[in-house]
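Q: okay, predicted coordinates and the sequence, questions at the end:
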Amino acid sequence: MGIPETIAQAYASHDGGDSAQALRLLDAVLQAPAGNMEPRADLLFARGNVRRESGDTAGAAEDFSAALAAQPAHAKAHNNLGVILQEQGRLEEAQAAFEQALAHGAQFADAAFNLGTVLRARQRLEEALSCFQSATLWRPGFTGAWLHLGQVFAESGRLEESVRALRQAIATDPAFAGAYNDLGLVLAEMNLVREGMQAQEQAVAHAPDSDEFKTNLGLLLMELGELGRAWELYEHRWRADGRLRPAYRYDPSIEWHGGALTGKRLRVWWEQGLGDTLCFSRFLPQVAGRFGPAAISLEVQPGCKRLLANSFPGVEVLEQGEAGSGFDVHVPLVSLPQRCGVSRETLPVDLPYLVPTAEARARWQARLAQVPGPRVGLVWASGLWPTGAGPQRRSRSVDPEVFGQLIEIPGVSFISLQKGAGAAHAGRWADQPGFFDWTGELDDFDETAALMAGLDLVITVDTSVTHLSGALGKPTWVPLRFEGGNLWLTNQERSLWYPPVRVYRQSRQAVWSDVIARIGRDLRERIAQGAGA
């Protein structure tokens, strides 16, 4: 039996579940005196494949290296060795191996794809794009390459090209749930939320057990205002990465899933951002009135305790880490609307539901009495958005150079509410008449809320201050990213959650100039009308 026949029989044995027999066949020939090196390289390559698929990665790497010593131009051995190096996190060596595979293998689509994944991991996106494009050119039906091409286009902010690539991935495999999921995310980022929702529906249809896809669909349904189904799907967030998310407060065995709480003490705990804590705390009175728990305790992030304790006097409010009085069952805060069966029609929007302490409010009223009106609070910067396909989606901040055009409007007292890294930009307006910065005294949300209570208007980017201002019932204008977000109704000027909030959405991604121009025009008009801003 010749070498090609031996290799074919070895692969057949391996595919039939007898890897040991496959290795015996290959070993018997390899133990013979070396002859022509090219066939020997093929034998070593075949044994490497069998070893790797049998779990012997180290042995496989030795065989691929030996195959290359026998035949340095063996493109497939370079490629398969590169795969092992990549799995081991040795990305520079893997890249070199894939480059050698391409150098010795004409139109080697697998090697181009693999090189693209390494370059992507090393954040060399333009080079990765070129590799994935080559892979799809050389093998038009290469579904994985189309998927990665679409993903890297999205990561580069080239969203229309991303959509075309992802649609091509679906064309090559109409049941490819992952491609539908990514397509849904990109379409939503393009503010085509309903089209994105339809793609996510397909993702769930083709992968009905995927918690990740159900979670993503739930987020888009929130943005469309279809809240009832959104809450049910969003409950899958706890297993959205394929396993139960680690959370020190979370114990599924004592989770409250709804129903009467008579005689039971309920612990509610924060799980996401500060804005979510301020927003979803509105459901606490509904839980108390509808389900009758013996007691409710609420665990919150640092900085929230004083405000929420004053706003919900029947609730024991604890800062994270405090033990409190104990509880029988618990629930994450953002699950409350699902437990209460909240729909768009029954969403509680009675404002204000957050109330600063009387002491803090009196202190800031005295301070503001010395400031001429109208008084407008400002926030121009926020943290990076943790999700989304492209770089634009993660940015909610307005360039202070652009935002500063508002502060040039005469006849207004501007009050900085900006905390965090963006606060440093306030220095550029420190000497400008009518600009006040007392943020060094705002050490928790109660102080901030008390200051805001004396303002006529708040202009804030999408951040926790937006939810605070909305919960206080203050007139609020929000410069919003083109793609919005799950708590902002798509293409609507008014907030479903906070009726006094007015939304100024970008007309183009990452471009704020027109948004600030519109806000400036409306602010001047309100001043001219004597509306106290």
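A: Cool, the structure landed.
Q: can you give me the strands in the stretch 401-533 of the chain?
A: 413-416, 435-437, 457-460, 476-480, 501-505 (DSSP state E, counting those that start in this stretch).
Q: let me know which of those is tucked in deepest.
A: Most buried of the strands of the stretch 401-533 of the chain by mean neighbour count (mean count of other C-beta atoms under 10 Å) is strand 457-460; its value is a mean of 26. No exception for glycine: its C-beta is placed from N, CA and C like everyone else's.
Q: elements contacting that one?
A: strand 375-379, helix 464-471, strand 476-480, helix 513-528 (3 or more C-beta pairs under 8 Å, 6 or more residues apart in numbering; DSSP states H and E).
Q: thinking again about what came up before, now distance to residue 210 and mean pLDDT too, for the strands of the stretch 401-533 of the chain, in CSV please.
A: CSV is the format used below for the strands of the stretch 401-533 of the chain (distance: least, C-beta to C-beta, whole Å; pLDDT from 0 to 100):
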stretch, distance to residue 210, mean pLDDT
strand 413-416, 44, 97
strand 435-437, 48, 96
strand 457-460, 36, 98
strand 476-480, 30, 97
strand 501-505, 31, 97
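Q: who's in contact with stretch 126-143?
A: 107-110, 112-113, 115-117, 119-120, 145-146, 148-149, 152-153, 156, 168-169, 172-173, 176, 179 (C-beta atoms under 8 Å, 6 or more residues apart in numbering).
Q: any weak-confidence spans in the stretch 201-350 of the chain?
A: 246-248 (pLDDT under 70).
Q: that one: helices as residue ranges?
A: For the stretch 201-350 of the chain, the helices defined by DSSP state H, counting those that start in this stretch cover 211-223, 227-234, 274-280, 284-291, 305-311, 336-339.
Q: and if you look at the stretch 51-200 of the chain?
A: Taking DSSP H, counting those that start in this stretch as the criterion, the stretch 51-200 of the chain carries its helices at 57-70, 75-87, 91-104, 109-121, 125-138, 143-155, 159-172, 177-189, 193-206.
Q: so which of those gets nearest residue 408?
A: helix 177-189 (32.5 Å; C-beta to C-beta).
Q: got the angle between that closest one and helix 211-223?
A: Orientation check (axes from the mean of the first three to the mean of the last three C-alpha atoms, to 10 degrees): helix 177-189 against helix 211-223 gives 20 degrees.
Q: what distance separates helix 177-189 from the middle of the whole chain?
A: 13 Å (C-alpha atoms, centre = their mean, to the nearest Å).
Q: against which helices or strands is it packed?
A: On a contact count with 3+ C-beta pairs under 8 Å, 6+ apart, helix 177-189 meets helix 143-155, helix 159-172, helix 193-206, helix 211-223.
Q: for the first one, which positions count as buried?
A: Under the neighbour-count criterion of 16 or more other C-beta atoms under 10 Å, helix 143-155 has 143-155 buried.
Q: the second one now?
A: By neighbour count, with 16+ other C-beta under 10 Å as the criterion, the buried positions of helix 159-172 are 159, 161-163, 165-166, 168-170, 172.
Q: what average pLDDT does that helix get?
A: Taken as a whole, helix 159-172 carries a mean pLDDT of 98.
Q: need the contact partners of that helix.
A: 136, 140-144, 146-147, 149-151, 153-154, 176, 179-180, 182-183, 186-187, 189-190, 389-390, 509.
Q: now it against helix 193-206, angle please.
A: 30 degrees.
Q: just the angle for helix 159-172 relative to helix 143-155, thanks.
A: 160 degrees.
Q: ditto for the third one
A: Put simply, helix 193-206 runs at 150 degrees to helix 143-155, going by the same axes, to 10 degrees.
Q: who are the packing partners of helix 193-206?
A: Under the contact criterion of 3+ C-beta pairs under 8 Å, 6+ apart, helix 193-206 touches helix 177-189, helix 211-223.
Q: contact partners of it?
A: So helix 193-206 is in contact with 175-178, 180-181, 183-188, 210, 213-214, 216-217, 220-221, 223-224, 484, 490, going by C-beta under 8 Å, 6+ apart.
Q: 6 Å - rerun?
A: By C-beta atoms under 6 Å, 6 or more residues apart in numbering, the surrounding residues in contact with helix 193-206 are 175, 177, 180-181, 183-184, 187-188, 213-214, 216-217, 220, 223-224, 490.
Q: hey, C-alpha coordinates of that helix in CSV?
A: This file holds the C-alpha atoms of helix 193-206, laid out as CSV (Å, rounded to 0.1, in the frame of the first residue of the first chain):
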residue,chain,number,x,y,z
VAL,A,193,-34.3,49.3,15.1
ARG,A,194,-37.3,47.5,13.7
GLU,A,195,-35.2,45.9,11.0
GLY,A,196,-32.7,45.0,13.6
MET,A,197,-35.5,43.4,15.7
GLN,A,198,-36.6,41.3,12.8
ALA,A,199,-33.0,40.0,12.3
GLN,A,200,-32.9,39.2,16.0
GLU,A,201,-36.2,37.3,15.7
GLN,A,202,-34.5,35.2,13.1
ALA,A,203,-31.5,34.6,15.4
VAL,A,204,-33.8,33.4,18.1
ALA,A,205,-35.8,31.3,15.7
HIS,A,206,-32.6,29.5,14.5
